[in-house]
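Visitor: Pasting a predicted model and its sequence here:
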Amino acid sequence: MGMTERERVLAVYRHEIPDQVPLMLDLSHWYKANNHTGFDLSGYKDVEQPLVDLHKQVGAVCYCEMGSLYSLKPDTDTIALSSHTSHGVFTTEIVTPLGSLHEERVFSPESYSYNIRKHLLDSVADFPIVEHLMEHLVCTPLWERYHRWSAALGDLAFPYAQLPYSGLGYLISRNFGVEPTIYAILDYPDEVAHLNEVINRRNLSILDTILDGPFDTLIISDNFDSNIQTKELFDTYSRGYYTEVARRLHTKGKFLAVHVDGEMRGALTWMAECGVDCVDAATPAPMFSLTPAAARKQAGPDLILSGGIPATVFGSTGTDAEFIKSVRDWLELRHESPRLIMAAGDQVPTDAPLHRIKMLRDLVDVYGRY
């Protein structure tokens with residue numbers, strides 16, 4: 001009798017050879033768009049049964065987008081956090097004794113996502129407000145969510161716990177933007193370094209609080225892209241943090257994944273050097289520069305590559321023949337190293353044909369066996 005999908009994923013993380021390459025998908029974005037499901041950015045509070053049913057229909061492990069597995073709240077009533085969605089605008093507000101911040105994201109029917117209209121931070125002058133907030137956040141685990149999703153998904157459950165953005169990701173990927181962050185690094189290096197340290201220290205405190213939880217893998221969703229987060233930036237702001245997160249997880253027999261979601265050239269080597277176990281959303285050419293074979297060469301034999309299908313091939317701009325070739329090229333990497341997961345490059349794109357999503361199960365069963 002063959003292994004379950006969950007057993008296959010766990011075998012890959014444990015440096016074992018499964019009977020075939022595991023299949024994991026983030027179907028949340030596709031599901032919301034194709035079922036016209038209204039949503040905001042605060043995430044699921046309970047099991048979304050139709051999403052569970054979709055994963056069972058296509059035979060793919062569900063590993064993310066299950067809502068946060070902990071809450072973060074200030075330990076003082078002098079700080080207020082709030083978020084709400086109204087008329088297609090998701091607004092976040094932070095009020096502290098040092099000042100207030102707010103972010104606005106506008107829903108786009110075309111992409112079925114929320115685009116940032118106003119970043120949370122306007123200037124370096126706002127950094128002390130964020131630092132004050134970070135110093136007062138308290139983490140409370142919500143493991144009942146983990147257990148409810150696991151029970152609903154059965155053998156297709158492998159929920160990743162998730163840390164908030166690292167210091168650099170907090171600025172570049174979400175709350176300040178690329179240009180303002182780079183200018184701040186050049187003009188206010190001490191202020192950026194201090195904010196980075198405060199955020200990463202808070203994240204390590206969150207990690208310590210959840211470290212004994214039921215999850216096997218934790219993911220850092222920094223939306224990493226080596227075209228933007230260059231080696232110099234990585235070495236200065238992220239390397240030590242990623243290394244420490246990996247070390248603490250490994251002492252408990254747990255694993256670390258980093259969500260790259262962009263150009264992975266160079267970054268694969270950096271992640272491996274930090275002890276990262278898995279690069280999630282690994283997207284090869286033609287969307288980015290590395291072929292599957294080149295990605296494995298840069299990653300070395302021990303870093304798990306989870307991904308493989310460019311959105312341009314998975315979605316309506318690709319053909320079935322191109323899709324099948326992309327999947328088979330990725331699965332061929334199993335001969336180089338069993339540290340491999342078949343997944344989308346990132347989320348399954350909203351315009352991906354359902355028959356193509358269903359096709360994945362058969363393709364992996366035929367071409368992914370060891």
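Guide: Looks like it arrived, so ask away. Numbers count the residues shown, from 1 in each chain.

Visitor: For Y165, see how far away L195 is.
Guide: 12 Å (C-beta to C-beta, to the nearest Å). To be clear about C-beta, it is placed using only N, CA and C from the backbone, and glycine gets the same treatment.

Visitor: any idea which helix is longest in this protein?
Guide: helix 189-210 (DSSP state H).

Visitor: How about the longest strand belonging to the chain, which residues are buried there?
Guide: Looking across the chain with DSSP state E, the single longest strand is strand 99-108. The neighbour-count check on strand 99-108 (16 or more other C-beta atoms under 10 Å) flags 101, 103-105, 107 as buried.

Visitor: Distance from that strand to the middle of the chain?
Guide: Here strand 99-108 is found 21 Å from its chain centre; the criterion is C-alpha atoms, centre = their mean, to the nearest Å.

Visitor: then it to CSV, C-alphas only?
Guide: What follows is strand 99-108, C-alpha atoms only, in CSV (Å, rounded to 0.1, in the frame of the first residue of the first chain):
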residue,chain,number,x,y,z
GLY,A,99,1.1,58.5,16.8
SER,A,100,-1.2,56.7,14.4
LEU,A,101,-0.8,54.7,11.2
HIS,A,102,-3.2,53.5,8.6
GLU,A,103,-3.1,51.4,5.5
GLU,A,104,-5.6,51.1,2.6
ARG,A,105,-5.8,48.2,0.1
VAL,A,106,-8.4,48.3,-2.7
PHE,A,107,-10.1,45.2,-4.1
SER,A,108,-9.4,44.5,-7.8
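
Visitor: In its sheet, which strands sit next to that strand, and in what direction?
Guide: strand 89-96 (antiparallel), strand 113-118 (antiparallel) (DSSP bridges).

Visitor: Just put the ones you listed in JSON lines and tack on mean neighbour count and distance to L233.
Guide: Shown next, in JSON lines, are the strands paired with strand 99-108 (neighbours: other C-beta atoms under 10 Å; distance: least, C-beta to C-beta, whole Å):
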{"stretch": "strand 89-96", "mean neighbour count": "18", "distance to L233": "25"}
{"stretch": "strand 113-118", "mean neighbour count": "14", "distance to L233": "21"}
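
Visitor: could these be laid out in CSV, adding mean pLDDT?
Guide: Converted to CSV, those look like this (pLDDT from 0 to 100):
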stretch, mean pLDDT
strand 89-96, 96
strand 113-118, 95
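
Visitor: Strands along the stretch 251-370 of the chain, start to end?
Guide: Along the stretch 251-370 of the chain, counting by DSSP state E, counting those that start in this stretch, strands occupy 255-259, 278-282, 304-307, 340-342.

Visitor: Name the residues of the last one that are buried.
Guide: This means strand 340-342. Here strand 340-342 shows 340-342 as buried, counting by 16+ other C-beta under 10 Å.

Visitor: Identify the residues contacting that strand?
Guide: Applying C-beta atoms under 8 Å, 6 or more residues apart in numbering, the contact partners of strand 340-342 are 9, 12, 21-24, 278, 304-308, 327, 330-331, 333-334, 360, 364, 368.

Visitor: Can you report how many residues neighbour T350?
Guide: Using other C-beta atoms under 10 Å, T350 has 18 neighbouring residues.

Visitor: Excluding chain neighbours, what is closest to it?
Guide: A33 (3.8 Å; C-beta to C-beta, 6 or more residues apart in numbering).

Visitor: How about the secondary structure of the one you found?
Guide: Here A33 is recorded as helix under DSSP: H, G, I helix; E, B strand; the rest coil.

Visitor: Do you know the pLDDT at it?
Guide: On the pLDDT scale, A33 is placed at 95.

Visitor: what about it, neighbour count?
Guide: Neighbours of A33 (other C-beta under 10 Å): 18.

Visitor: between L195 and Y165, who's got more neighbours?
Guide: More crowded of L195 and Y165, by other C-beta under 10 Å: L195, with 26 against 19.

Visitor: show me what contacts the residue nearest to that one when sequence neighbours are not counted?
Guide: Counting by C-beta to C-beta, 6+ apart, L195 lies nearest to F127, which is 4.7 Å off, once chain neighbours are set aside. Counting by C-beta under 8 Å, 6+ apart, F127 touches 121, 191-192, 194-195.

Visitor: what secondary structure does F127 sit in?
Guide: With three-state DSSP as the basis, F127 sits in helix.

Visitor: mind checking how far it is from V192?
Guide: 8 Å.

Visitor: One more: Q49?
Guide: Taken as C-beta to C-beta, the span from Q49 to V192 is 44 Å.

Visitor: More neighbours: which of those two?
Guide: Using other C-beta under 10 Å, the more surrounded residue of Q49 and V192 is V192, with 23 against 9.

Visitor: Contact partners for the more buried one?
Guide: Per C-beta under 8 Å, 6+ apart, neighbours of V192: 124, 127, 171, 181, 184-185, 237.

Visitor: need the contact list for the closest residue in space to M287 that isn't next to it in sequence.
Guide: Leaving aside its chain neighbours, M287 sits nearest to P310 (3.9 Å; criterion: C-beta to C-beta, 6+ apart). By C-beta under 8 Å, 6+ apart, the contact set of P310 is 283-288, 318, 326, 345.

Visitor: Domain boundaries for the chain, per the record?
Guide: Here the domain assignment for the chain is 5-71+140-367, 76-135, based on automatic domain parsing.

Visitor: so what's the residue lying closest to H55 once chain neighbours are set aside bridging to?
Guide: Ranked by C-beta to C-beta, 6+ apart and with sequence neighbours excluded, the top spatial neighbour of H55 is C62, at 4.6 Å. C62 forms beta bridges with A157, as assigned by DSSP bridges.
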